[in-house]
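Make a model of this:
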Amino acid sequence: MPKRTLTSKTSKLLSAGIFKFDPSVDPKTLKPHKQNWRKHTHRQRQAFNAHHERVGWTDAVIVNVTTGNIVDGHMRWEESCRKKTTVPVLYGRWTKEQELEILATKDPLGALAETQADALQALNEQIHGQLQQIKSPQSNTLKKLVADIDNYAAEITTGDSPAVLLNRRRDRKEYDRAREAAKDDEPESLESDDDDSLPEDPIFPSRHPFGLPDLLPDMLCTEVPDSIWDRSPASVTPNAYYCYSAGPGTIPDAASRGGGFLGFFTEDFRFEKTWNDTAGFTDWLRDMDFKGVLAPDYSTWTDWPLALRIHNLYRSRWVARYWQESGIPVIPIIQSLGACPGLDRSAGSFSNSLCLDSLPKKLPVVATEARNSQGAEDYWIGWAALHKHWLSALRIGTLVIYGGEENQKRFLPRLGKTGRTEIVLLSSFISRRRKGQK
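Residues are numbered from 1 along each chain as shown. As a prediction, the model looks like this:
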């Protein structure tokens, strides 16, 4: 493709500070800036290409006609060269000094924006739902990106990540004032920490040879969630179930809520903090003052290695025991390791033993999930068999089924009579939101 030239009219427009846009430029005619400081990682390139495959160009390469240098969009230019495709270009005219200023500050200026965690999580919720309908390598890359963005939003809410990526550096006076304020607060914070502290990474008592922590019978929650919080004011009730994956920053505070229950039945990445920073997460739970908190449901997919499944079962049980030791009533959840070839003497015996043996035989409330089957009938056959076994092996007062309201026709006939166990069917948060109850 021949090199493009600028007309005299275009040159006048550029001199007046007006940009010219060309939607289709041969990237070989463009020149990268020798002082470009941005290094584009393989992960970023993967995400960019997946995004471009889905929606096309959303930004242009910016070129300074004074020098012919690219001042922004080096990765877009590089990927266009690699793929041998044209690229949209926005032309402008700046001095050499202005060019360096743009090169140094354009991207950091974007990092000065403050992230509104709730809005970002709500947006990601919609995007995640769209991507779930698409099966392609590009959509898998974007799903991971959306997950990371959502995790970042959750970390902003809990204080683990800054809302502004490029925070303003404090001057010496501000620094000294902050130090003095910290000294004033120190005695009170130390006193409260000493009262309730647990040893770091404690090993809890266990009756099981694998060391799964026993749950405390006297710290099991005895109250029952009977409705789903869907972010609407009417759904904020003392007995509502709050889905952590809906965004911790969106959950009303303790005074507004008057109780409620917190659960973790969706998307492990959203609640990894329960394990990675159990002490910090426990402090947040204390402040939120829920009536009861469900054990975190770390995934134990049957196609995962058995060691990983057992590890996630251990993590779930360990975190639940930690919360009990911290004065938080816990609701156990029904878990299964699936088939364990070579270890099961009869159908599911090893898996059931591992999941059941370290639990009290009498449980006031147990929770479970009935969703994500994508309509597969064999899933519901296995689901019913697992729950029948739990109901026969333990004395369960109430079984709360998250997602049970919309899926009850799939499992209730198979579950049959449940004896003295009461069944409470809850809709899932996503299902409630999709119905437009906002």
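
Against residue 298, how distant is the most centrally placed residue in the chain?
By C-alpha atoms, centre = their mean, the chain has its centre lying nearest to residue 270, at 2.8 Å. From residue 270 across to residue 298, the span is 12 Å (C-beta to C-beta, to the nearest Å). Backbone N, C-alpha and C define where each C-beta goes, glycine included.

Contacts only, for the nearest residue to the residue nearest to the centre of the chain once chain neighbours are set aside.
Spatial nearest neighbour of residue 270, excluding adjacent residues (C-beta to C-beta, 6 or more residues apart in numbering): residue 245 at 4.6 Å. Residues near residue 245 by C-beta atoms under 8 Å, 6 or more residues apart in numbering: 264-267, 270-271, 429.

Any stretches of the stretch 151-300 of the chain with poor pLDDT?
158-160, 167-197, 200 (pLDDT under 70).

what about the helices in it?
172-196, 254-257, 273-276, 278-288 (DSSP state H, counting those that start in this stretch).

Report all helices and strands that the third one contacts.
This means helix 273-276. helix 137-158, helix 278-288, helix 306-325 (3 or more C-beta pairs under 8 Å, 6 or more residues apart in numbering; DSSP states H and E).

Packed most tightly, which of these would that be?
Comparing the helices and strands packed on helix 273-276 by mean neighbour count (mean count of other C-beta atoms under 10 Å), helix 306-325 comes out on top with a mean of 20.

hang on, the earlier thing: farthest-apart pair in the contacts of residue 245, please.
Across the contacts of residue 245, the longest distance by C-beta to C-beta is 13.7 Å; it joins 271 and 429.

All the helices of the stretch 301-438 of the chain, residue numbers only.
Using DSSP H, counting those that start in this stretch, helices in the stretch 301-438 of the chain cover 306-325, 349-356, 377-393, 404-415, 429-434.

wait, which of the ones you listed is closest to residue 362?
Judging these by C-beta to C-beta, what sits closest to residue 362 is helix 377-393, at 11.5 Å.

Helix 404-415 and the closest one, what's the angle between them?
Angle between the axes of helix 377-393 and helix 404-415 is 70 degrees (criterion: axes from the mean of the first three to the mean of the last three C-alpha atoms, to 10 degrees).

mind saving the C-alpha coords of helix 377-393 as CSV?
What follows is helix 377-393, C-alpha atoms only, in CSV (Å, rounded to 0.1, in the frame of the first residue of the first chain):
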residue,chain,number,x,y,z
GLU,A,377,-30.9,-35.5,33.7
ASP,A,378,-28.0,-37.6,35.0
TYR,A,379,-26.9,-34.7,37.2
TRP,A,380,-30.3,-34.7,39.0
ILE,A,381,-30.1,-38.5,39.5
GLY,A,382,-26.8,-38.1,41.2
TRP,A,383,-27.9,-35.0,43.1
ALA,A,384,-30.9,-36.8,44.6
ALA,A,385,-28.8,-39.9,45.6
LEU,A,386,-26.2,-37.7,47.4
HIS,A,387,-28.8,-35.8,49.3
LYS,A,388,-30.7,-38.9,50.3
HIS,A,389,-27.5,-40.3,51.7
TRP,A,390,-26.9,-37.2,53.8
LEU,A,391,-30.5,-37.2,55.1
SER,A,392,-30.2,-40.8,56.1
ALA,A,393,-26.7,-40.5,57.7
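
buried stuff in it?
380, 382-384, 386-387, 389-391 (16 or more other C-beta atoms under 10 Å).

same check, this time on stretch 50-57
50, 52.

contact partners of that stretch?
So stretch 50-57 is contacted by 58, 79, 87-88, 137-139, 141-142, 145 (C-beta under 8 Å, 6+ apart).

nearest to residue 410, of those residues?
For the contacts of stretch 50-57, the closest approach to residue 410 (C-beta to C-beta) belongs to residue 139, at 26.8 Å.

Report the contact partners of the closest one.
50, 54, 131.

ok, 6 Å please
residue 131 (C-beta atoms under 6 Å, 6 or more residues apart in numbering).

Relative to residue 48, how far out is it?
15 Å.

List the buried residues of stretch 105-116.
residue 115.

What is the distance between that stretch and the centre of its chain?
Chain-centre distance of stretch 105-116: 23 Å, with C-alpha atoms, centre = their mean, to the nearest Å.

ends of that stretch, how far apart?
Its start and end residues considered, stretch 105-116 measures 23 Å (C-alpha to C-alpha, to the nearest Å).

hang on, the earlier thing: sort out which one of the contacts of residue 245 lies nearest residue 69 for me.
Using C-beta to C-beta, the contacts of residue 245 come closest to residue 69 at residue 270, 42.7 Å.

ok, now which ones touch residue 249?
117-118, 157.

For the closest residue to it other than its chain neighbours, list the residues it contacts.
Residue nearest to residue 249 in three dimensions, not counting chain neighbours: residue 157, with 3.4 Å by C-beta to C-beta, 6+ apart. Each residue near residue 157 by C-beta under 6 Å, 6+ apart is listed here: 117, 248-249.

likewise residue 90?
19, 21, 60, 62.

how many neighbours does residue 136 have?
Close neighbours of residue 136, defined as other C-beta atoms under 10 Å, add up to 12.

What distance do you get for it to residue 50?
Residue 136 is 9 Å from residue 50, by C-beta to C-beta.

Check the gap between the residue nearest to the centre of the chain and residue 128 for me.
From residue 270 over to residue 128 (counting by C-beta to C-beta), the distance is 11 Å.

Equivalent analysis for residue 66, please.
Residue 66 is 44 Å from residue 128, by C-beta to C-beta.
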